[in-house]
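>>> Provided below are the primary sequence and the corresponding predicted coordinates.
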Amino acid sequence: MTPVVELVDITKVYGSGVNEVRAVDGVTLTIERGEFVAVMGASGSGKSTLMNIIGALDVATSGTYRLDGVDVGELDDDALSLVRNRRVGFIFQSFNLIPRMSAVSNVELPLMYRGVPRTERRRRALDALGSVGLADRTHHQPNELSGGQQQRVAVARALAMQPALMLADEPTGNLDSRSTAEVLDLLEQVHAEGGTIAVITHEDEVAARARRVITLRDGRVESDVRR
Ligand code: ADP
Ligand code: MG
């Protein structure tokens, strides 16, 4: 089967001359369908840069990247954003929900951009909210939900898109320990149902839930451990 993520000798260089920074420096790695991977590393080790490349938010300086079989390096900006919208579900530290919009409308929004018809959109959004345990909160606005519930809405929003890859950047960074556990349970559930997850984190508690931990150091893969 085609891997979800296939990075071959990926390098990202910022600046030039004496200001040159090799934020990612020759990374080769593959994430297969159904994996649950944590990417760890000290601040400045290149996690965000690598994740931006994996999420097709940015392109590498050199190397080859295939996302769900599509060679991302060959795409222009429009094609890149299409691939991103179709194949990647993002979960951010700050939830990124639209205020004063109900949970169900938040989940529906990217489906609307994708052109999914209204009734199907609503059905998929309600299904996704049900699967994250928020069937009784569908008409609450973000400020009427706890942090953990808001992040679960964000997970539902990603799930409703049926992405090839769920990409989470410090998803529990703004959460207390109880909400952290809630969101981690949910990621495990997504994994158990066959989803592919990559989560950036510096928290051991988060990495402990993953089945594979990749550690970056100075833009390189320092270790890659499966359990
Ligand atoms: P992490 O997410 O692990 O903290 P980053 O990927 O943000 O690491 O950064 C890796 C390195 O690249 C750091 O040295 C950082 O200063 C540098 N860097 C990141 N983004 C830029 C940028 N837009 N311009 C210049 N340097 C950058
Ligand atoms: Mg970062």
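Thanks, I have the structure now. Numbers count the residues shown, from 1 in each chain. Ligands and ions are numbered 1, 2, ... in the order given.

>>> can you give me the helices in this protein?
Per DSSP state H, the chain has helices spanning 47-54, 77-87, 103-113, 118-131, 147-160, 177-192, 204-207. These are given in chain order.

>>> Most tightly packed of these?
Mean neighbour counts were taken over those using mean count of other CB atoms under 10 Å, and the top value, a mean of 25, falls to helix 147-160. The C-beta positions use only the backbone N, C-alpha and C, and glycine is treated the same way.

>>> How far off centre is it?
How far helix 147-160 lies from its chain's middle: 12 Å, per CA atoms, centre = their mean, to the nearest Å.

>>> What average pLDDT does that helix get?
Helix 147-160 comes out with an average pLDDT of 96.

>>> Tell me how far the nearest residue to Leu167 once chain neighbours are set aside lies from ligand 1.
Closest residue to Leu167 apart from its sequence neighbours, by CB to CB, 6 or more residues apart in numbering: Gly55 at 4.9 Å. In this view, Gly55 and ligand 1 are 13 Å apart by CB to the nearest ligand atom, to the nearest Å.

>>> List the beta-bridge partners for the residue nearest the centre of the chain.
The chain has Leu167 as the residue nearest its centroid, 1.1 Å off, counting by CA atoms, centre = their mean. Following DSSP bridges, Leu167 is listed with bridge partners Phe90, Ala198.

>>> State the distance from it to ligand 1.
14 Å.

>>> go on, Gln151?
As it turns out, when the distance is counted by CB to the nearest ligand atom, Gln151 lies 20 Å from ligand 1.

>>> Kindly provide the distance from that residue to Val72.
Distance, Gln151 to Val72, using CB to CB, to the nearest Å: 27 Å.

>>> Buried residues in stretch 31-39, which are they?
Ile31, Glu35, Phe36, Val37, Ala38, Val39 (16 or more other CB atoms under 10 Å).
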